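K.L.:
coords please:
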Amino acid sequence: MSQPAQGPCDEAVVRGGAPALPCAAATQRWVLACAILGSSMAFVDGTVVNVALPSIQHDLRATAFEAQWVVESYALFLASLILVGGALGDRFGRRRIYALGVAIFLLASLGCALSRNVWELVLARGVQGIGAALLVPGSLALISASFPQSERGHAIGVWSAASAVTAAIGPVLGGFLVDRYSWSWAFLINVPLAMAVLAIAKWRVPESRGAAADAPLDVAGALLATVALGALVFAFIEGPARGWRSIAVVFAWAAAAAGAIGFFAVELRRRSPMLPLKLFRNRDFAGANLLTLLLYAALGGGLFFFPLTLIQAQGYGAAAAGAALLPFIAVMSALSGQAGRLVDRYGPRPALIAGPLVAAAGFAGLALPGIGGSYWTSYFPAVVVLGLGMSLTVAPLTTTVMNAVGPEMAGVASGVNNAVSRSAALLAVAVFGLAVAAWFNARLDQALPTLGATTEWIEAVRSQSARLGALQAPQGTDAPLANELHRVVEGAYIGGFRLVMVLSAGLAVLSAVMAALFIAARSPR
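P.N.:
Have a look, this model is predicted:
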């Protein structure tokens, strides 16, 4: 392997942002490869475990609650610490913190594969989340520090496209390994990837730090941010399962509020805060994060219910439901790089207005199909339109966030935007879940008296209403009545799904409005 040509960013640690001259092209390619491979591990591991979960639950004899926490312990620590992870990279070195995150992720993946019971696995998954919180914001910070602003949009577009491809391949590869060998292999696939990333980071990626690298660490801010985000995520995760008025959930809401208030109070008073609140005075930064909040709420909430609807109301199998979003991934992977080039040439504002509007049309299209019909004529066109809208949006949005603050605070900017997007998706799933349940129960209560069944039978059905589309006829129900109930359940669930898609379309339109109001126009180069 030949040594890449030396550039100014190869010589020494870059302080205060990007070097005066851009990195050599060969170095930039290594940085991009390192960022893609590392972040892909975190993205894939967030989804591949869903494929392995049935096997994990069977082999480790886990309850449904325990299996749920195999997924959620990862999400909890990732969302809680992602803002801190970005700030640590700016302060102590982005390559150093990124590599530390990859190393933690590697060791935790081995811990997952070797777990002998479900709670060992839950613990190891939590440690994986800590590693991911260090590496996810670091991947974009490395790109921002190594590419000049005129090339950053295309680089982030390539990063987005590659991430979309790995997100599609990961669950497929994981499913193959689980079926052929065991669920442990769903975690062991991270080992060679992590080793490759660590090697590239050590020998090919220049170090960089933010402008405040020598300032004292904001320990209080870091702790309060972790408490606020962690409690918020816990409330979103546990609210639907335990009930929104349960003691644990109410306490989590209180802790999130107290942590947030304390965080902002500390950051306003510190001379070198972890998150300088003056960043939000920048209209591009504030507008991009408002857009992120609205659009990723639409995307996270909408795509959570899409496969469930295909399985529970349309009769798709699990594999077919998973494959239904492959056109979305294909469009994203094909067009994200080109969208990044458009940003470099024309600025992000046109794409950030047009993209969410196209995505809104995709969400609206998903609300149209009824029960039955071919996927190719019902959902496929809308999935493609949604993919086109997100392709126009993702790279310009990320580029806007990173360019708004400059490379000197790239880690913090990436951490903030990731925290916003993940919290938005969790909030949307919780709120949309309430909306679907309300719609479903109203339609069920309206239809049940018309079926001519006994009061006891109706009450037995109503007692299962929390299962929504998975509701089953009580044991002993005759076939005609069971078929009628199945028709009612499908119709009620499809109606709830349509409501979610309309809400998602509305949020996407609002995100386009945020872009029009906040994102500055740029003169074409």
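
K.L.:
residues near A359, how many?
P.N.:
30 (other CB atoms under 10 Å). Glycine gets a C-beta too; all of them are placed from N, C-alpha and C.

K.L.:
one more: G138?
P.N.:
Counted by other CB under 10 Å, the residues lying close to G138 total 34.

K.L.:
pretty sure it is in a helix, no?
P.N.:
Yes. Assessed with DSSP: H, G, I helix; E, B strand; the rest coil, G138 lies in a helix.

K.L.:
contacts only, for the closest residue to it other than its chain neighbours.
P.N.:
With CB to CB, 6 or more residues apart in numbering as the criterion, G138 has its nearest non-adjacent residue at 3.5 Å, and that residue is Y98. Residues counted as contacts of Y98 (CB atoms under 8 Å, 6 or more residues apart in numbering) are 34, 38, 89, 134-135, 138-139, 141-142, 201.

K.L.:
for the buried ones among those, write the corresponding ChimeraX selection.
P.N.:
Applying 16 or more other CB atoms under 10 Å to the contacts of Y98 leaves a buried subset, and the ChimeraX line that selects it is:
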select :34,38,89,134,135,138,139,141,142,201
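
K.L.:
how about the strands in the stretch 251-400 of the chain?
P.N.:
Under the criterion DSSP state E, counting those that start in this stretch, the stretch 251-400 of the chain carries no strands.

K.L.:
which parts of this protein belong to which domain?
P.N.:
The record's domain split for the chain, according to automatic domain parsing, is 23-206, 219-273, 282-525.

K.L.:
A460: neighbouring residues, count only.
P.N.:
A count of nearby residues for A460, using other CB under 10 Å, gives 16.

K.L.:
ok, K202 next?
P.N.:
K202 is flanked by 11 other residues according to other CB under 10 Å.

K.L.:
so it is in which element?
P.N.:
Secondary-structure assignment from DSSP states H and E places K202 in helix 190-204.

K.L.:
contacts for that helix, please.
P.N.:
Helix 190-204 has contacts (CB under 8 Å, 6+ apart) with 4, 27, 30-31, 33-34, 37-38, 40-41, 45, 95, 98-99, 102-103, 105-106, 109-110.

K.L.:
do the same with stretch 60-77
P.N.:
Contacts of stretch 60-77 (CB under 8 Å, 6+ apart): 45-46, 49-50, 53, 56-57, 115, 117-119, 121-123, 125-130, 132-133, 230, 233-234, 237, 241, 422, 426.

K.L.:
may I see the buried residues of it?
P.N.:
Within stretch 60-77, the residues scored as buried using 16+ other CB under 10 Å are 60, 62, 66-77.

K.L.:
and those, which of them are in strands?
P.N.:
Among the buried residues of stretch 60-77, DSSP state E puts none in strands.

K.L.:
lowest-confidence entry in those?
P.N.:
Of all the buried residues of stretch 60-77, Q68 has the smallest pLDDT value, namely 71.

K.L.:
roughly how far does it sit from L114?
P.N.:
In this view, Q68 and L114 are 22 Å apart by CB to CB, to the nearest Å.

K.L.:
among the contacts of stretch 60-77, name the buried ones.
P.N.:
45-46, 49-50, 53, 56-57, 115, 118, 121-122, 125-130, 132-133, 230, 233-234, 237, 422, 426.

K.L.:
most packed of the domains of the chain?
P.N.:
Among the domains of the chain, domain 23-206 has the highest mean neighbour count (mean count of other CB atoms under 10 Å), at a mean of 22.

K.L.:
just the CA coordinates for the host helix or strand of the residue nearest to G138, please, in PDB.
P.N.:
If you go by DSSP H and E, Y98 is part of helix 94-113. Extracted in PDB, the C-alpha atoms of helix 94-113 (Å, rounded to 0.1, in the frame of the first residue of the first chain):
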ATOM      1  CA  ARG A  94     -11.800  14.000  16.700                       C
ATOM      2  CA  ARG A  95      -9.700  11.100  15.400                       C
ATOM      3  CA  ARG A  96      -8.800  10.100  19.000                       C
ATOM      4  CA  ILE A  97     -12.400  10.100  20.200                       C
ATOM      5  CA  TYR A  98     -13.700   8.500  17.000                       C
ATOM      6  CA  ALA A  99     -11.100   5.700  17.400                       C
ATOM      7  CA  LEU A 100     -12.000   5.300  21.100                       C
ATOM      8  CA  GLY A 101     -15.700   4.900  20.100                       C
ATOM      9  CA  VAL A 102     -14.800   2.300  17.500                       C
ATOM     10  CA  ALA A 103     -12.700   0.400  20.000                       C
ATOM     11  CA  ILE A 104     -15.500   0.400  22.600                       C
ATOM     12  CA  PHE A 105     -17.900  -0.700  19.900                       C
ATOM     13  CA  LEU A 106     -15.600  -3.500  19.000                       C
ATOM     14  CA  LEU A 107     -15.200  -4.800  22.500                       C
ATOM     15  CA  ALA A 108     -18.900  -4.500  23.200                       C
ATOM     16  CA  SER A 109     -19.700  -6.500  20.000                       C
ATOM     17  CA  LEU A 110     -17.500  -9.300  21.300                       C
ATOM     18  CA  GLY A 111     -19.300  -9.000  24.600                       C
ATOM     19  CA  CYS A 112     -22.700  -9.300  22.900                       C
ATOM     20  CA  ALA A 113     -21.600 -12.400  20.900                       C
END
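
K.L.:
filter the contacts of stretch 60-77 down to just the ones in helices.
P.N.:
The helices, defined by DSSP state H, take in 45-46, 49-50, 53, 56-57, 118-119, 121-123, 125-130, 132-133, 230, 233-234, 237, 241, 422, 426 from the contacts of stretch 60-77.

K.L.:
who's in contact with A133?
P.N.:
Going by CB under 8 Å, 6+ apart, A133 touches 77-82, 84-85, 101.

K.L.:
change it to 6 Å
P.N.:
Shown in contact with A133 (CB atoms under 6 Å, 6 or more residues apart in numbering): 78, 81-82, 85.

K.L.:
once you drop chain neighbours, what's closest to the residue most central in space within the chain?
P.N.:
Closest residue to the average C-alpha location of the chain: R422 at 5.2 Å, with CA atoms, centre = their mean. The shortest distance from R422 to any non-neighbouring residue, by CB to CB, 6+ apart, is to A79 (4.7 Å).

K.L.:
do L106 as well
P.N.:
Closest to L106 by CB to CB, 6+ apart is A194, at 3.7 Å.

K.L.:
tell me how far that neighbour lies from R95.
P.N.:
From A194 to R95 the distance is 15 Å (CB to CB).

K.L.:
same check, this time on A419
P.N.:
For A419, the distance to R95 - CB to CB - is 22 Å.

K.L.:
same question for A298.
P.N.:
Distance, A298 to R95, by CB to CB: 35 Å.

K.L.:
can you check V48 too?
P.N.:
Relative to R95, and taking CB to CB, V48 is found at 26 Å.

K.L.:
A473 is in contact with L485, isn't it?
P.N.:
Yes. Between A473 and L485 there is a contact under CB atoms under 6 Å: 5.0 Å.

K.L.:
in what element of secondary structure is the residue nearest to A482 when sequence neighbours are not counted found?
P.N.:
Nearest non-adjacent residue to A482, counting by CB to CB, 6+ apart: A473, 4.0 Å away. For A473, there is no enclosing helix or strand under DSSP H and E.
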